[in-house]
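> The following block contains a protein sequence and its predicted model.
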Amino acid sequence: MANRISLELSRPIDADSIKQRLSLCKLRDKKVPRGAFTLKRCLSEAEVSRVEKRLGGALPDDYRFFIRNIGNFGTGPYSPFPNLIDELEIPDGHLSEPFSHSKAWNMPKAFFAATPAIDECNEDASYRQYWEYRMQYFDHKHVRGAIPVGDEGCARYLWLVVNGLERGTLWLDSRTDDAGILPVCLVPNAPTRAFQSWYAVDRSRGRSKRVSFAALFDIWLDRQLKRLRIKWPQ
C-alpha cells in the first residue's frame with residue numbers, strides 16, 4: 001500500500017557521501033569509543049530477500065538501499081542499530097500485517113491504574129500476576145508491521161514501519177516509561193551540540209510530518225560534521 005504520510009526530508013541517498021562523511025568524523029573525533037562512526041558489512045541481495053521472506057514484507061526502499069550499499073548495522077542516531085541478519089529477534093510473519101498506529105498511542109490511564117500491586121508477603125505470585133497484566137502492554141502486536149532499527153537505551157527502541165499507511169516512518173517505543181509508541185519528527189534549528197534534542201516525538205496525536213530512516217541518519221551525520229567543525233563538502 002502506498003505511503004500517504006508526508007515524510008520530512010525524504011531525500012535521495014548518496015552512499016559515497018555517507019561513507020566519506022563517516023570516515024572524516026572517525027578521523028577527527030578522538031573522544032568517541034572504538035568502532036564509532038563504523039558500519040559493518042553490507043548485506044547481499046540474497047540475504048535481504050531471505051529476511052523479507054521470513055518476516056513477510058518488503059523493506060522500505062531507503063532502508064533496503066542503506067543495508068545493501070552502505071552498511072548493515074553499527075553507528076547512527078540511535079546507535080547501534082541492529083544487525084538485520086543476526087540480531088532481529090522478531091517472529092516469522094511479523095510484517096505480514098500492517099502497523100496499527102497512525103498517531104501517538106498509549107494504553108488508557110485506567111489500564112495503568114489497575115496494575116496489580118506487588119505483595120511483599122507473597123512476592124512470587126504477585127510478581128507473576130503483575131507481569132501477566134503488564135505483558136498486555138508489551139505485547140508484540142503493538143509493533144506488528146515494523147522492525148527495530150535503533151536502541152536509545154533503557155529499553156527504548158526505534159521502529160521502522162514496513163507495512164501500512166505509515167510505511168517508511170520511524171516510531172519511538174517508550175513503553176518502558178509508560179509513554180507508549182510515538183512517531184518521530186525533527187526539531188527545527190536545534191543547537192548542534194544539544195544531546196538528542198534535534199529529533200523529538202509527536203505527542204499531539206496529530207498528523208505532523210514524519211522522518212524516514214535515511215533522512216534521520218543523513219541529518220545526524222551532518223550534525224556530527226558541524227559538531228567536529230568539519231567543512232563539507234570539501
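Received it, and whenever you're ready, just let me know what you need.

> what distance separates stretch 30-48 from the middle of the whole chain?
Relative to the chain's own centre, stretch 30-48 is displaced by 16 Å; criterion: Cα atoms, centre = their mean, to the nearest Å.

> swap in stretch 131-151?
Mean-position distance between stretch 131-151 and its chain equals 13 Å (Cα atoms, centre = their mean).

> list the buried ones in it?
134, 137, 142, 143, 144, 145, 146, 147, 148, 149, 150, 151 (16 or more other Cβ atoms under 10 Å). Placement of C-beta: from N, CA and C, glycine included.

> Name all residues that make contact with residue 158.
Residue 158 sits next to 78, 81, 148, 149, 150, 151, 152, 170, 171, 172, 173, 184 when contact means Cβ atoms under 8 Å, 6 or more residues apart in numbering.

> er, residue 42 actually
Counting by Cβ under 8 Å, 6+ apart, residue 42 has contacts 67, 68, 69, 70, 71, 72.

> between these, which is closest to residue 19?
Distance to residue 19, by Cβ to Cβ, is smallest for residue 70 among those, at 6.6 Å.

> Skipping its backbone neighbours, what lies nearest the closest one in space?
residue 15 (5.1 Å; Cβ to Cβ, 6 or more residues apart in numbering).

> and what of residue 143?
residue 159 (5.4 Å).

> For beta bridges, what are the partners of that neighbour?
residue 148, residue 171 (DSSP bridges).

> thinking again about what came up before, make CSV out of the buried residues of stretch 131-151 and add secondary structure.
Listed next are those as CSV, based on DSSP: H, G, I helix; E, B strand; the rest coil:
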residue, secondary structure
134, helix
137, coil
142, helix
143, helix
144, coil
145, coil
146, strand
147, strand
148, strand
149, strand
150, strand
151, strand
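
> The chain: strands as residue ranges?
Assigned by DSSP state E, the chain shows strands spanning 7-8, 146-153, 156-161, 170-173, 181-186, 199-201, 210-211.

> would JSON lines of these with mean pLDDT be doable?
Below are the strands of the chain laid out as JSON lines (pLDDT from 0 to 100):
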{"stretch": "strand 7-8", "mean pLDDT": "52"}
{"stretch": "strand 146-153", "mean pLDDT": "85"}
{"stretch": "strand 156-161", "mean pLDDT": "90"}
{"stretch": "strand 170-173", "mean pLDDT": "91"}
{"stretch": "strand 181-186", "mean pLDDT": "85"}
{"stretch": "strand 199-201", "mean pLDDT": "61"}
{"stretch": "strand 210-211", "mean pLDDT": "80"}
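
> Make a markdown table out of these and add distance to residue 118.
What follows is these, written out as a markdown table (distance: least, Cβ to Cβ, whole Å):
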| stretch | distance to residue 118 |
| --- | --- |
| strand 7-8 | 43 |
| strand 146-153 | 25 |
| strand 156-161 | 24 |
| strand 170-173 | 24 |
| strand 181-186 | 26 |
| strand 199-201 | 30 |
| strand 210-211 | 38 |
